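A.B. asks: how does the following fold in three dimensions:
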Amino acid sequence: MANSGMLGIREGRGVPAKRGGRVRYTGGKSPQLGTIRSAKNGYLRIQLDGEKYIGSYHPTWELEYLGPNDKDKEHHELPRPRL
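C.D. replies: A predicted model of the protein is given here:
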């Protein structure tokens with residue numbers, strides 16, 4: 001991939017990644033929502049909700065890209081924490 005920035009990821013991987021876009025990461029113990037902050041070396045830099053730091057994530061591995069019509073999914077489809 002010649003351009004490893006956001007445009008290169010969109011074109012090379014065929015994903016709708018954009019700065020500020022919302023994603024659901026499903027590679028952990030439970031799904032987590034996050035916001036795309038940037039791109040570097042072919043990876044997306046995503047800040048998961050409630051986390052202080054930004055992590056690097058492969059753009060096609062365990063990520064679901066949420067569009068403007070997915071606002072309801074952000075809160076209703078995730079499991080509720082047990083108290």
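A.B. asks: the residue most central in space within the chain in helix, strand or coil?
C.D. replies: Residue closest to the mean C-alpha point of the chain, counted by CA atoms, centre = their mean, is Val23 at 3.5 Å. Here Val23 is recorded as strand under DSSP: H, G, I helix; E, B strand; the rest coil.
A.B. asks: can you pull the pLDDT of it?
C.D. replies: Looking at Val23, its pLDDT is 97.
A.B. asks: wait, it touches Leu63, no?
C.D. replies: Yes. Assessed by CB atoms under 8 Å, Val23 is found in contact with Leu63 at 5.1 Å. C-beta here means a position set from N, CA and C on the backbone, and glycine is covered the same way.
A.B. asks: give me the common contacts of these two.
C.D. replies: Residues touching both Val23 and Leu63 by CB atoms under 8 Å, 6 or more residues apart in numbering: Leu44.
A.B. asks: where in this structure is pLDDT low?
C.D. replies: For the chain, residues meeting the criterion pLDDT under 70 lie at 1-2, 71-83.
A.B. asks: list the buried residues in the longest helix along the chain.
C.D. replies: Taking DSSP state H as the criterion, the chain has its longest helix at helix 6-13. Judged by neighbour count (16 or more other CB atoms under 10 Å), helix 6-13 contains these buried residues: 6, 8-10.
A.B. asks: where do the helices sit along this protein?
C.D. replies: Using DSSP H, helices in the chain cover 6-13, 71-76.
A.B. asks: for the residue lying closest to Asp70 once chain neighbours are set aside, which residues make a bridge with it?
C.D. replies: Leaving aside its sequence neighbours, Asp70 sits nearest to Arg22 (CB to CB, 6 or more residues apart in numbering; 7.3 Å). Going by DSSP bridges, Arg22 is paired in beta bridges with Thr35, Leu66.
A.B. asks: distance of Thr60 relative to Gly14?
C.D. replies: For Thr60, the distance to Gly14 equals 8 Å [CB to CB, to the nearest Å].
A.B. asks: correction: the previous question concerned Pro59.
C.D. replies: Using CB to CB, Pro59 is found at 9 Å from Gly14.
A.B. asks: more neighbours: those two, which one.
C.D. replies: When Pro59 and Gly14 are compared for neighbours, Pro59 comes out ahead with 23 against 10, by other CB atoms under 10 Å.
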